[in-house]
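Mind looking at a prediction? Sequence and model below.
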Amino acid sequence: MEIDKKIIKKLIDALEDLKQSLGKAGEKLDILDVEKVSQIDDNKNYNAIKSPIIGTAYLAPEPGAKPFVEIGKKIKKGDTIMIVEAMKTMNHVPSSFDGIVKKISVEDGQPVEYDQVLILVE
């Protein structure tokens with residue numbers, strides 16, 4: 001298999017452009033620096049509600065039902081924000097904070113890891 005050097009050059013240039021667009025005020029940004037990228041996306045300090053277990057996240061109690069939370073919705077400490085299914089057991093994930101939902105970081109039916117951010121609350 002022969003690799004076309006022109007294609008490689010275009011990919012490198014595209015990555016450099018992406019680095020520049022993600023950098024703040026001329027700050028150089030490593031593409032793999034996920035923490036800095038998330039800080040750029042989340043300009044404020046939000047409280048993160050994280051997954052207590054590994055499993056599959058569900059945003060609603062059943063298919064087609066209204067989701068537990070929506071962006072902009074007020075929630076109280078203890079409210080169920082989603083369900084994480086593990087080994088056929090449906091585990092309700094409660095909110096750890098009072099506040100307003102600013103970002104939902106997972107999609108319905110998406111696999112989640114332990115300690116993965118599920119939602120951000122202001």
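Good, I have the coordinates.

what's the lengthiest helix in the chain packed up against?
Assignment by DSSP state H gives helix 5-22 as the longest helix of the chain. For helix 5-22, the packing partners by 3 or more CB pairs under 8 Å, 6 or more residues apart in numbering; DSSP states H and E come out as helix 34-41. From N, CA and C alone the C-beta is placed, and that goes for glycine too.

so after the helix it packs on, what's the next helix or strand?
strand 47-50 (DSSP states H and E).

Mind listing the strands that next one pairs with, and their directions?
strand 117-121 (antiparallel) (DSSP bridges).

Report the central residue of the protein.
residue 105 (2.9 Å; CA atoms, centre = their mean).

domain ranges for the protein?
Under the assignment automatic domain parsing, the domains of the chain span 5-41, 47-121.

gap between the two ends of stretch 114-122?
22 Å (CA to CA, to the nearest Å).

how far does it sit from the chain's center?
Its chain's average C-alpha position is 7 Å from that of stretch 114-122, according to CA atoms, centre = their mean, to the nearest Å.

which of the residues in it are buried?
Buried residues in stretch 114-122, defined by neighbour count with 16 or more other CB atoms under 10 Å: 116, 117, 118, 119, 120, 121.

quick one, what contacts the residue nearest to the first one when sequence neighbours are not counted?
What that stands for is residue 116. Residue nearest to residue 116 in three dimensions, not counting chain neighbours: residue 51, with 4.8 Å by CB to CB, 6 or more residues apart in numbering. Contacts for residue 51 (CB atoms under 8 Å, 6 or more residues apart in numbering) come out as 57, 84, 93, 112, 113, 114, 115, 116, 118.
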